[in-house]
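Student: Predicted model and sequence follow; I will ask about them next.
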Amino acid sequence: MQDLIAVGFLTFSLGKIPSLWAIPLVLGLIAGRTGSIVPCILLHAMFNAVSVALLLAEPAG
């Protein structure tokens, strides 16, 4: 299952922002090693929160 999720995110992110390709791979590795998606959900939420915070902190222009 985690492989399917990683492939879906990877396929989406390759055309958008190249640096995002690593996130699904890392989350897939974490899910595979822990046997749970809970750490992945938490890391994904933290990543999104940091992204939004950086976006909001960016000066308007």
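Tutor: Cool, got the structure. Numbering: from 1, shown residues only.

Student: residues contacting the residue nearest to residue 39 when sequence neighbours are not counted?
Tutor: Distances taken as CB to CB, 6 or more residues apart in numbering put residue 30 closest to residue 39, at 5.4 Å, once the chain neighbours are dropped. Yep, even glycine has a C-beta here, placed from its N, CA and C like the rest. Contact analysis of residue 30 by CB atoms under 8 Å, 6 or more residues apart in numbering lists 39-40, 43.

Student: Filter the residues you listed down to just the ones in strands.
Tutor: In strands, judged by DSSP state E, none of the contacts of residue 30 are found.

Student: Show me which of the residues you listed is closest to residue 25.
Tutor: residue 40 (11.5 Å; CB to CB).

Student: count of neighbours near the closest one?
Tutor: For residue 40, the neighbour count with other CB atoms under 10 Å is 22.

Student: which element is the closest residue to it other than its chain neighbours on?
Tutor: Spatial nearest neighbour of residue 40, excluding adjacent residues (CB to CB, 6+ apart): residue 27 at 4.4 Å. Here residue 27 sits within helix 22-34, counting by DSSP states H and E.

Student: same question for that helix, mean pLDDT?
Tutor: Helix 22-34 carries an average pLDDT of 88.

Student: What are the buried residues along that helix?
Tutor: Within helix 22-34, the residues scored as buried using 16 or more other CB atoms under 10 Å are 23-24, 27-28, 30-31.

Student: Save those residues as CSV, and put in distance to residue 47 too.
Tutor: Shown next, in CSV, are the buried residues of helix 22-34 (distance: CB to CB, whole Å):
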residue, distance to residue 47
23, 7
24, 11
27, 9
28, 14
30, 12
31, 15
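
Student: Tell me the spacing between residue 32 and residue 40.
Tutor: 10 Å (CB to CB, to the nearest Å).
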